[in-house]
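> below: sequence and its predicted model.
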Amino acid sequence: MQFQTPLVPARLIRRYKRFLADIVLDDGREVVAHCANPGAMTGLADEGTAIWVEPNDDPKKKLDWAWKLVDLPQDGMACIDTALPNRLVAEALAAGRVPGLAGYDLIRREVPYGENSRVDFVLSARGRRDAYVEVKAVTLRRHSNLAEFPDTVTKRGTRHLNELAAMAEAGSRAVMLYVVARSDCSRVTLAGDIDPAYAAGFRAARAAGVEVLAHGVRISPKALALGAALPFADP
């Protein structure tokens, strides 16, 4: 997935109201950028952090800049836009590049299910069970090369686990796909200390038959692509 407009470097001044960030561009201008991330963004939103933003001239958008990437201290990058992993997964599914989810003829997005929810993807093929797939973007890293989800309490995420469990119990495939959107992690697990309810929901979902997959992301200021499968470490 290429960015629609080439990204430009900037420095973060502060993030506030979750979805806004004051930034300074290389030419010295201070502007406001949209931050498409409702999480805590631990370690990714410190003052002075080197970031990459996307300019736009869409009159329908309130802000002219969108924060997309962070330069990591020890080299590499993280993608902080939590909507982009879904787009990466959509591309990879269409190309048959998600080994655990290959071989389906029909891919539907944002399909209503559960109680007032929409599942990210439903995959269908003749002679196979439908596969319900939820995608979660992972950006938290606290220890070594280990990514963790979530970075804050997520009642919505717990509800998604419960709904996937119900689909598995009803006879469908149900898959939770964690997309690690930073280049300095090679495995992923749960941050049960941050959200014990999510961890409990995860254990119940696994017991109900929900499958777990994890993939990395190849990140550059020009493009993103779904990366290799990563091991999931049970908490």
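Looks like it came in fine.

> OK, contacts around the residue nearest to the spatial centre of the chain?
The structure's the chain has its C-alpha centroid closest to Ala137; by C-alpha atoms, centre = their mean the separation is 1.7 Å. Counting by C-beta atoms under 8 Å, 6 or more residues apart in numbering, Ala137 makes contact with Cys79, Thr82, Leu84, Pro85, Val179, Ala181. For glycine as for every other residue, the C-beta is placed from the backbone atoms N, C-alpha and C.

> do Ile107 as well
Ala90, Leu93, Ala94, Phe121, Val122, Leu123.

> which SSE is the fifth one in?
Right, Val122. Assigned by DSSP states H and E, Val122 belongs to strand 117-124.

> tell me which strands and helices that strand is in contact with?
When contacts are defined as 3 or more C-beta pairs under 8 Å, 6 or more residues apart in numbering; DSSP states H and E, strand 117-124 sits against helix 84-94, strand 106-113, strand 131-138, helix 155-169.

> got the domain boundaries for this structure?
The chain breaks down into these structural domains: 8-75, 84-229 (assignment by automatic domain parsing).

> and those domains, which is most packed in?
Stretch with highest mean neighbour count among the domains of the chain: domain 84-229 (a mean of 18; mean count of other C-beta atoms under 10 Å).

> just the endpoints, please. Distance across it?
Between the opening and closing residues of domain 84-229 there is a gap of 18 Å (C-alpha to C-alpha, to the nearest Å).

> quick check: mean pLDDT of it?
For domain 84-229, the mean pLDDT works out to 96.

> do the same with stretch 4-22
Stretch 4-22 shows a mean pLDDT of 96.

> what's the distance between that stretch and the middle of its chain?
Relative to the mean C-alpha coordinate of its chain, stretch 4-22 is positioned 18 Å out (C-alpha atoms, centre = their mean, to the nearest Å).

> with only the CA atoms kept, save that stretch in PDB.
Coordinates of each C-alpha in stretch 4-22 appear next as PDB, following Å, rounded to 0.1, in the frame of the first residue of the first chain:
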ATOM      1  CA  GLN A   4      -1.500   8.700  -1.500                       C
ATOM      2  CA  THR A   5       0.800  11.700  -1.000                       C
ATOM      3  CA  PRO A   6       4.500  11.400  -0.100                       C
ATOM      4  CA  LEU A   7       5.100  11.700   3.600                       C
ATOM      5  CA  VAL A   8       7.100  14.600   5.000                       C
ATOM      6  CA  PRO A   9       9.200  14.600   8.200                       C
ATOM      7  CA  ALA A  10       8.200  16.600  11.200                       C
ATOM      8  CA  ARG A  11       8.700  16.800  15.000                       C
ATOM      9  CA  LEU A  12       6.000  16.100  17.600                       C
ATOM     10  CA  ILE A  13       5.200  19.000  20.000                       C
ATOM     11  CA  ARG A  14       2.300  17.300  21.800                       C
ATOM     12  CA  ARG A  15      -0.600  14.900  21.300                       C
ATOM     13  CA  TYR A  16      -3.900  15.900  22.900                       C
ATOM     14  CA  LYS A  17      -7.600  15.000  22.900                       C
ATOM     15  CA  ARG A  18      -6.400  11.600  21.600                       C
ATOM     16  CA  PHE A  19      -6.900  12.500  17.900                       C
ATOM     17  CA  LEU A  20      -4.900  15.800  17.600                       C
ATOM     18  CA  ALA A  21      -1.200  16.600  17.500                       C
ATOM     19  CA  ASP A  22       0.700  19.800  17.400                       C
END
